[in-house]
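Novice: pasting the structure only:
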């Protein structure tokens, strides 16, 4: 009788452990999926930043040679921001760095353009350089910086690091923390 009771207890403990492990894995992968859903909004905002860079370059192309250093920096930033797979964590830090660089480099290019007589004498391009494009870049940068994705990723990572089930999911089951959108 003692042998049957021992086996029953062992089986019950094993079932509890399996249930805890399965629950931890399922719960944390479901929560990570919710974080990943907010990534679509970030990708959309980054696409707006890429389009803003195209607009800055279109105006610059009319007034500067394509070999101009300020022009080439914005081209590089745009390409870095546009590159890579959407919705993956593989290059999120590089995209964040490109996004930060675009803010600085596009502002420098617009400043350079605003000093050119050819821009000052072209009412349409002057309006773009002094008003429309800086405003578009500032708004898209503000929206990207305040993206819901970063808050969701930070909250997920914080919860995951503070619980036993999070430790279990991360350490033993391979559930990865969410990568935040920030340059390293």
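Specialist: Thanks, I have it. This is a predicted model, so every value here is computed, not measured. Numbers count the residues shown, from 1 in each chain.
Novice: how about the helix or strand harbouring residue 119: buried residues?
Specialist: Using DSSP states H and E, residue 119 maps to helix 117-120. For helix 117-120, the neighbour count (16 or more other C-beta atoms under 10 Å) marks residue 119 as buried. Using the backbone N, CA and C atoms, a C-beta is placed for each residue, glycine as well.
Novice: so what secondary structure elements neighbour it?
Specialist: Contacts defined by 3 or more C-beta pairs under 8 Å, 6 or more residues apart in numbering; DSSP states H and E place helix 117-120 against helix 2-63, helix 123-127.
Novice: Between those helices, which one is closest to residue 172.
Specialist: Residue 172 sits nearest to helix 2-63 of all these, at 7.4 Å, using C-beta to C-beta.
Novice: Tell me the predicted confidence for residue 88.
Specialist: For residue 88, the pLDDT comes out at 62.
Novice: what do you get for residue 64?
Specialist: According to the prediction, residue 64 has pLDDT 93.
Novice: Likewise for residue 165?
Specialist: Residue 165 is assigned 86 on the pLDDT scale.
Novice: How about residue 184?
Specialist: In this model, residue 184 is scored at 65, pLDDT.
Novice: Pull out the buried positions in the helix or strand bottoming out on mean pLDDT in the chain.
Specialist: Within the chain, no helix or strand scores below helix 133-145, which has a mean of 83 by mean pLDDT, DSSP states H and E. For helix 133-145, the neighbour count (16+ other C-beta under 10 Å) marks 133, 134, 136, 137, 140, 141, 144 as buried.
Novice: Now residue 122. Its backbone dihedrals?
Specialist: Note on residue 122: backbone dihedrals following degrees, to the nearest 10 are phi -110, psi 100.
Novice: OK, contacts around it?
Specialist: Residues near residue 122 by C-beta atoms under 8 Å, 6 or more residues apart in numbering: residue 62.
Novice: With residue 169 as the reference, measure out to it.
Specialist: 58 Å (C-beta to C-beta, to the nearest Å).
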